[in-house]
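Novice: How does the following fold in three dimensions:
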Amino acid sequence: MPSLPPQPGGPGAPGPSLPPAPQGSAAPEPTQPARRTAWAEGVDRLRAAATTEPGRLRIIGAVLALLVVAFGAVTAWQTTERAAAADDVLHSSQPLSSDAADIYRSLADANTAASSGFLAGGGESAATRDRYEKDIRTAAGKLVNAAANSDPDSPSAATIAKLNRMLPEYKGLVERARTYNRQGFPVGGAYLRYANEKMQTDMLPAAEDLYTKENQRLRADYDDATPYPWAAIALGVLVLAGLAWAQHRNYRRTNRVLNHGLVAATATATVVLLWLVVGHSVARAGLNDSYDHGVRSLNVLNDARIASLKARGNENLTLVARGAETVEVSGKALDKYDVTFQADMKTLAKGLSLAENLADDDTGEQPVTAAVGNMEEWQKRHTSARAEDDNGNYEQALEKVIGAKGATVECFDSVDKNLAKALNHEQTEFKRAAGDGLDAMTGLSVGAAALAVIGAAGAVLGIGRRLSEYR
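Specialist: So this is what the prediction gives:
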């Protein structure tokens, strides 16, 4: 039987011919799967672990420990900042503010003493001279202290440098005035008026500017010390909520009421939170009390004392100038220094009234009340002295101003001494209240950090106790 030709596609048939591969081309290699990152692998492991109870326990333990440590760290950080600001209030900014007030007071008192000595002429007492020299030394010493405690590029440093430059210039003018006055030359009065003008228009405004800047610094320290540490408080509440949830979960799954480690962590977190809230509340109350009944009273009393010093200086200069300088008031030409004296006395009266209202005990109120009586008598005696001067009785007017008995100088000295007594009392009150506020935060930062470590260890051990049941 004749054989049939092979059919296409049948057995033994040759396959379809393929086009020849191009010369020089390599066969394609199989693609490799992309390598996974360590982060992705870690996420997968964590996801897988979270599907088992031991894995979930490990995650819960880690989160709780992290929260407790974060709570302790934030508490330590915020309380350290507030304690540092409270320490600055007590030991830095308030003393510097007080020094600035002393600089102003010393300069004003030196100006007053200089005019008193000038009026006495060759009969200037040793006490008046010593008072002037003491004021100049006090101002110079306080300026050195302020310079040492101020930043070199701060506005306060520039003001201090200005005062340091002008102080010897002022002193030189006063010495010239004294020299010419002892020799009987009228030009001595011109030198004293020039010295007074330098003091009133340049030095005292600069000293007041320094006082204002230091008070602003003090207020900023109070603002840093008194706010509640809300971040630490919120984190503490979150920690307690997390620990409560973990213990409730443990109870539902095991019917065990207590887990010693978690209870210890809860106890330490509770202690830290209560210590933080109560301690800072006490500190805040002490600092606020030191400001309301210390700093505010000190500022008012300093302003009143400065007003009395300026009034006394202008009262003296009224007799030194003897009508040489006038200002027009309501169409009348009045003595420039007497007009300024009346303005200073109004400022003094207003300051004393405010100081009486701020005094919170008899010890603080009594000297202020006495100063009010001294001021009223001063006004009466000044009116009598001005009447003598206006009638041409210069010697009688001089006796009523700087005389040994019944003169206005007695009233001024009494006002100054009573205000100094009130200032000392309020300074003591400030130190007590601010010290109580600072003491309330003592040890809080270190204690919070130590308790946080104990709490974190308790959380880890408590969770570890549950994990041991699966081994």
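Novice: now the strands for the stretch 1-150 of the chain?
Specialist: Using DSSP state E, counting those that start in this stretch, no strands are found in the stretch 1-150 of the chain.
Novice: Low-confidence stretches in it?
Specialist: Residues of the stretch 1-150 of the chain meeting the criterion pLDDT under 70: 1-36, 42, 46, 48-51, 121-124.
Novice: Show the residue spans covered by the helices in it.
Specialist: 38-50, 53-88, 94-120, 126-148 (DSSP state H, counting those that start in this stretch).
Novice: which of the ones you listed is buried the deepest?
Specialist: helix 94-120 (a mean of 25; mean count of other Cβ atoms under 10 Å). Every residue, glycine included, has its C-beta placed from N, CA and C.
Novice: could you say what helices and strands that one packs with?
Specialist: Secondary-structure packing of helix 94-120 (3 or more Cβ pairs under 8 Å, 6 or more residues apart in numbering; DSSP states H and E): helix 126-148, helix 155-182, helix 187-198, helix 204-225, helix 296-321, helix 394-402, helix 408-439.
Novice: nearest to residue 88, of these?
Specialist: Nearest of those to residue 88, taken as Cβ to Cβ: helix 204-225 at 4.6 Å.
Novice: coming back round to it: how about the helices of the stretch 1-150 of the chain, which one is nearest residue 419?
Specialist: Residue 419 lies closest to helix 94-120 among these, at 9.7 Å (Cβ to Cβ).
Novice: Off-centre distance for the closest one?
Specialist: Mean-position distance between helix 94-120 and its chain equals 26 Å (Cα atoms, centre = their mean, to the nearest Å).
Novice: got the angle for it vs helix 155-182?
Specialist: Calculated by axes from the mean of the first three to the mean of the last three Cα atoms, to 10 degrees, helix 94-120 forms an angle of 10 degrees with helix 155-182.
Novice: any chance of the helices and strands packed on helix 94-120 in JSON lines, plus distance to residue 337?
Specialist: Formatted as JSON lines, the helices and strands packed on helix 94-120 follow (distance: least, Cβ to Cβ, whole Å):
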{"stretch": "helix 126-148", "distance to residue 337": "19"}
{"stretch": "helix 155-182", "distance to residue 337": "16"}
{"stretch": "helix 187-198", "distance to residue 337": "9"}
{"stretch": "helix 204-225", "distance to residue 337": "15"}
{"stretch": "helix 296-321", "distance to residue 337": "4"}
{"stretch": "helix 394-402", "distance to residue 337": "12"}
{"stretch": "helix 408-439", "distance to residue 337": "14"}
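Novice: quick revisit: how about the helices of the stretch 1-150 of the chain in TSV, adding distance to residue 460?
Specialist: Shown next, in TSV, are the helices of the stretch 1-150 of the chain (distance: least, Cβ to Cβ, whole Å):
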stretch	distance to residue 460
helix 38-50	17
helix 53-88	5
helix 94-120	46
helix 126-148	51
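Novice: Out of these, flag the one nearest residue 299.
Specialist: So among the helices of the stretch 1-150 of the chain, helix 94-120 is nearest, using Cβ to Cβ, at 8.1 Å.
Novice: coming back round to it: what's the closest of the helices of the stretch 1-150 of the chain to residue 192?
Specialist: helix 94-120 (5.2 Å).
Novice: rewinding a little: which one of the helices and strands packed on helix 94-120 is the most hemmed in?
Specialist: Taking mean count of other Cβ under 10 Å, helix 296-321 is the most buried of the helices and strands packed on helix 94-120, at a mean of 25.
Novice: list the helices and strands that helix packs on?
Specialist: Here helix 296-321 touches helix 94-120, helix 187-198, helix 204-225, helix 336-358, helix 362-390, helix 394-402, helix 408-439, going by 3+ Cβ pairs under 8 Å, 6+ apart.
Novice: can you list the weak-confidence ranges in the stretch 301-450 of the chain?
Specialist: Those would be 323-324, if you go by pLDDT under 70 across the stretch 301-450 of the chain.
Novice: can I get the helices and strands packed on helix 296-321 in JSON lines with distance to residue 76?
Specialist: Formatted as JSON lines, the helices and strands packed on helix 296-321 follow (distance: least, Cβ to Cβ, whole Å):
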{"stretch": "helix 94-120", "distance to residue 76": "26"}
{"stretch": "helix 187-198", "distance to residue 76": "53"}
{"stretch": "helix 204-225", "distance to residue 76": "16"}
{"stretch": "helix 336-358", "distance to residue 76": "37"}
{"stretch": "helix 362-390", "distance to residue 76": "38"}
{"stretch": "helix 394-402", "distance to residue 76": "62"}
{"stretch": "helix 408-439", "distance to residue 76": "17"}
